[in-house]
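Novice: What would the 3D arrangement of this be:
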Amino acid sequence: MTMNSRKSFSKVTGALLAILLLAAPALAGPPLICHAIDIGSAQSLPWSANGWNLSGSETYDVNHLVSDALALLSPQTTVLVRMETMRRATLYAQSHPQIAKELLLRVKARTTENDRDALAAFDFGYLIECYRQAGIAAKYGMLRNSLQQLVASVDGYDWVKKAIAMRGEDAAMEFAATLITSEVAQQDRAAHLQKAEAGAKSDPLLAANLESRFGNETLAQHLAPKVAKN
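Specialist: Alright, predicted model coming up:
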């Protein structure tokens, strides 16, 4: 994907939401931000908000956000938990620009410590796109502040693709890529989702997340006739 196509992400917000509504009529809003990842009973950052209340736990001390988030992003943490942790971290950080910047820099630093660390690459890429989509949410009044300026020149999708290439088959990462690529070619998004669906056959929690996002008719099935004609 070119840099121009990534820049269009922040410009065509109306088109993005229209695509999201077409793909999943029950859901609206930037998918990385406005809809939680089901992580079962796994531990993540404290969270008590429900529905469209995106403020989280009002008693959480955000001064601990960076250390808490990094501790949760251990090698043993599953991809789904990583996704929800970075979603919650973004929502907490959007009212604290310095904390948001520190978290981004600390997550980025882990990619240089080991350039073959797939999970570090994934975390950096996914956090970038959480920040980018938080900017969309802010434009629609869902959040108070935008974090887009911190990631304006970085392509998180490329980092996630790099992580997938290093990791090999990883259905949860493919699911993450599906949520990120809402604005790119339908064929690219469908390809990610088809791989996520295949892996979900042996991962009930991933299957539950796919169903909650796309319903009984998956996006890959929805787009298949259109892709076949191209």
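Novice: going forward, measure contacts between C-alpha atoms and count neighbours the same way
Specialist: OK.
Novice: At which residues are the helices of this structure located?
Specialist: Listed in chain order, the helices of the chain (DSSP state H) span 3-11, 13-23, 31-34, 65-72, 79-93, 97-113, 118-139, 156-167, 171-180, 186-200, 204-214, 219-229.
Novice: right, and these - which one's nearest Ala49?
Specialist: Ala49 lies closest to helix 79-93 among the helices of the chain, at 10.4 Å (C-alpha to C-alpha).
Novice: just checking, what packs against that closest one?
Specialist: helix 31-34, helix 65-72, helix 97-113, helix 118-139, helix 171-180 (3 or more C-alpha pairs under 8 Å, 6 or more residues apart in numbering; DSSP states H and E).
Novice: The last one - what's its average pLDDT?
Specialist: This points to helix 171-180. Helix 171-180 carries an average pLDDT of 95.
Novice: One more: the second one?
Specialist: Across helix 65-72, the average pLDDT comes to 98.
Novice: Also compute the angle for that helix relative to helix 79-93, please.
Specialist: Angle of helix 65-72 versus helix 79-93, following axes from the mean of the first three to the mean of the last three C-alpha atoms, to 10 degrees, is 180 degrees.
Novice: other SSEs contacting helix 65-72?
Specialist: Counting contacts by 3+ C-alpha pairs under 8 Å, 6+ apart, helix 65-72 packs against helix 79-93, helix 97-113.
Novice: I'd like those laid out as JSON lines, including mean pLDDT, distance to Arg132 and mean neighbour count.
Specialist: Below are the helices and strands packed on helix 65-72 laid out as JSON lines (pLDDT from 0 to 100; distance: least, C-alpha to C-alpha, whole Å; neighbours: other C-alpha atoms under 10 Å):
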{"stretch": "helix 79-93", "mean pLDDT": "95", "distance to Arg132": "10", "mean neighbour count": "24"}
{"stretch": "helix 97-113", "mean pLDDT": "94", "distance to Arg132": "12", "mean neighbour count": "16"}
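Novice: Just give me the residue right at the centre of this protein.
Specialist: Nearest to the mean C-alpha position of the chain, counting by C-alpha atoms, centre = their mean, stands Leu32 at 4.0 Å.
Novice: Could you list the low-confidence segments of the protein?
Specialist: 1-28, 50-53, 139-146, 182-185, 216-230 (pLDDT under 70).
Novice: Distance-wise, check the closest residue to Val107 other than its chain neighbours relative to Gly156.
Specialist: The shortest distance from Val107 to any non-neighbouring residue, by C-alpha to C-alpha, 6 or more residues apart in numbering, is to Phe124 (5.7 Å). For Phe124, the distance to Gly156 (C-alpha to C-alpha, to the nearest Å) stands at 7 Å.
Novice: now Arg132
Specialist: From Arg132 to Gly156 the distance is 9 Å (C-alpha to C-alpha).
Novice: Please give me every residue in contact with the nearest residue in space to the residue nearest to the centre of the chain that is not next to it in sequence.
Specialist: Leaving aside its chain neighbours, Leu32 sits nearest to Cys130 (5.8 Å; criterion: C-alpha to C-alpha, 6+ apart). Cys130 is in contact with Leu32, Ile33, Met86, Arg87, Thr90, counting by C-alpha atoms under 8 Å, 6 or more residues apart in numbering.
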